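A.B. asks: Need a 3D model of the following:
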Amino acid sequence: MKTEYKLSIIVPAYNAEKIIGDCLTKIIQETKNIVSEIIVVDDCSTDNTLRILGKFNEIKVVSLKKNMGVGYARNQGALEAQYQMLCFIDSDIIIENNSIYNLLERFYKSTDVGSVSGTQTLNNLNRESWTSNFVCLKSCYGTDTIQQEIDFSTICSEFCLISRDIFDKVGKWKSVSRAGGEEFDFGFKIKKLNKKNIKLKNAGYSGYWCNIFQRSKNIIERTEKYIPIFFKKKKFDSKGSFATSGQVFSSLLTLLIILTLLFNLFFKVPFFSVILAVLIILQFVVEGKFLIFAFKKHNIKMLLFSLLGIQIINLSIFFGFFLFIFKNSVGLPFKNKSKTKT
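C.D. replies: Below you'll find the model as predicted:
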């Protein structure tokens, strides 16, 4: 029976008026047969989020007086939680049927599990920006082929389940700045406990993906914050995450293509056409499967746009790398601010 489980559901929210109503409605439906509580931590929203929250009698609202970021908001929700199982669900996603129950079942199935996360679907909730479809595809690629589950390198911060014991051992969520990235730190610490981060296929969710320009800004900051974690891990993350070896190689190729074009413009590089052709072919090889994936899921328009979108994403990664170098070379402090949308 589903009533054997008890858990606290924590929903961090910041300017979430577009989706949070549907998000909470679905959570309430999915927890009718589970002993649970729903805690929404409003991170000092400036839109109609609080007004929408007032329509739900089934939830507890914690209002922060200052915008502190999604990691801090999750930790505050955990402090308010009364149950030992903690389920974190972002306010800009909608979970699928039986997803919470499936997370619980999988967590209790074996003792080597540190966290169980949902898997994002290709259903993009953002109908206002066409380029957000590319962001959705790029973010979901790599997890679309999961049959049942995989042992992932990071935790899926948007939708995940963890016990309070492990949560406390890990040291809670790290509060990072606007673009997030706390899932890399959290997942890495779970791995250090010799526990698995399971990503589950039958616990799906749809996300409200941002447009490519916002995504580019986010990636710059996420890259800057990921590099110190990479130095600790000394390896890249699982396919389907933000930081894979293939993504880094593709970014390097983008940089080399641009440098080749610039050098030829000013210095007339010998065998320019050959060098450029080789670099472009290599990038097609690296990104080929994603381009086919984009074409199959959408159309030729998305395929053509993806050729540009890939370059934008790759350049953002390098800007993030240079930002990291700059901040560490001049000793600028890392600032903790709020997280924007995914």
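
A.B. asks: how far out from the middle of the chain is stretch 218-229?
C.D. replies: 12 Å (Cα atoms, centre = their mean, to the nearest Å).

A.B. asks: List the buried residues of it.
C.D. replies: 218, 219, 220, 221, 222, 223, 224, 225, 226, 227, 229 (16 or more other Cβ atoms under 10 Å). Yep, even glycine has a C-beta here, placed from its N, CA and C like the rest.

A.B. asks: want to throw the residues you listed into TSV with pLDDT and secondary structure?
C.D. replies: Shown next, in TSV, are the buried residues of stretch 218-229 (pLDDT from 0 to 100; DSSP: H, G, I helix; E, B strand; the rest coil):
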residue	pLDDT	secondary structure
218	90	helix
219	92	helix
220	92	helix
221	88	helix
222	87	helix
223	90	helix
224	88	helix
225	85	helix
226	88	helix
227	89	helix
229	85	helix
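
A.B. asks: quick one: which of those is nearest residue 165?
C.D. replies: The nearest member of the buried residues of stretch 218-229 to residue 165, counting by Cβ to Cβ, is residue 229 at 23.2 Å.

A.B. asks: re earlier: could you dump the buried residues of stretch 218-229 into TSV with distance to residue 158 added?
C.D. replies: Listed next are the buried residues of stretch 218-229 as TSV, based on distance: Cβ to Cβ, whole Å:
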residue	distance to residue 158
218	14
219	16
220	20
221	17
222	14
223	19
224	21
225	17
226	17
227	22
229	18
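
A.B. asks: which one of the residues you listed sits closest to residue 106?
C.D. replies: Residue 106 has its nearest neighbour among those in residue 229, at 25.6 Å by Cβ to Cβ.

A.B. asks: Point out where the stretch 201-342 of the chain drops to low pLDDT.
C.D. replies: Applying pLDDT under 70 to the stretch 201-342 of the chain flags residues 330-342.

A.B. asks: Which stretches in it count as helices?
C.D. replies: 212-233, 245-267, 272-297, 300-330 (DSSP state H, counting those that start in this stretch).

A.B. asks: Name the stretch among those helices that sits most buried.
C.D. replies: helix 212-233 (a mean of 19; mean count of other Cβ atoms under 10 Å).

A.B. asks: list the helices and strands that one packs on?
C.D. replies: In terms of contacts (3 or more Cβ pairs under 8 Å, 6 or more residues apart in numbering; DSSP states H and E), helix 212-233 is packed against helix 132-140, helix 182-192, helix 300-330.

A.B. asks: Would you mind telling me which of those is nearest residue 81?
C.D. replies: Of all the helices and strands packed on helix 212-233, helix 182-192 comes closest under Cβ to Cβ, at 16.7 Å.

A.B. asks: Contacts for the closest one, please.
C.D. replies: 70-71, 114-115, 152-157, 162, 166, 170-171, 173-176, 196-197, 225-226, 229, 232-233, 237, 242-243 (Cβ atoms under 8 Å, 6 or more residues apart in numbering).

A.B. asks: Buried among those residues? Make that a PyMOL selection.
C.D. replies: Restricted to buried positions by 16+ other Cβ under 10 Å, the PyMOL selection for these reads:
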select buried, resi 70+71+114+115+152+153+154+155+156+157+162+166+170+173+174+175+176+196+197+225+226+229+233+237+242+243
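
A.B. asks: Return the subset of the contacts of helix 182-192 lying in strands.
C.D. replies: Using DSSP state E, the members of the contacts of helix 182-192 that fall within strands are 114, 115, 152, 162, 196, 197.

A.B. asks: quick one: which of these is nearest residue 133?
C.D. replies: Taking Cβ to Cβ as the measure, residue 152 is the one of these closest to residue 133, at 23.9 Å.

A.B. asks: Quick check: closest non-adjacent residue to the closest one.
C.D. replies: Distance criterion Cβ to Cβ, 6 or more residues apart in numbering; nearest residue to residue 152, sequence neighbours excluded, is residue 199 at 4.2 Å.

A.B. asks: Next, that neighbour: secondary structure please.
C.D. replies: strand (DSSP: H, G, I helix; E, B strand; the rest coil).

A.B. asks: on that earlier part again, to residue 121, which of the helices of the stretch 201-342 of the chain lies closest?
C.D. replies: Among the helices of the stretch 201-342 of the chain, helix 272-297 comes nearest to residue 121, with 11.3 Å by Cβ to Cβ.
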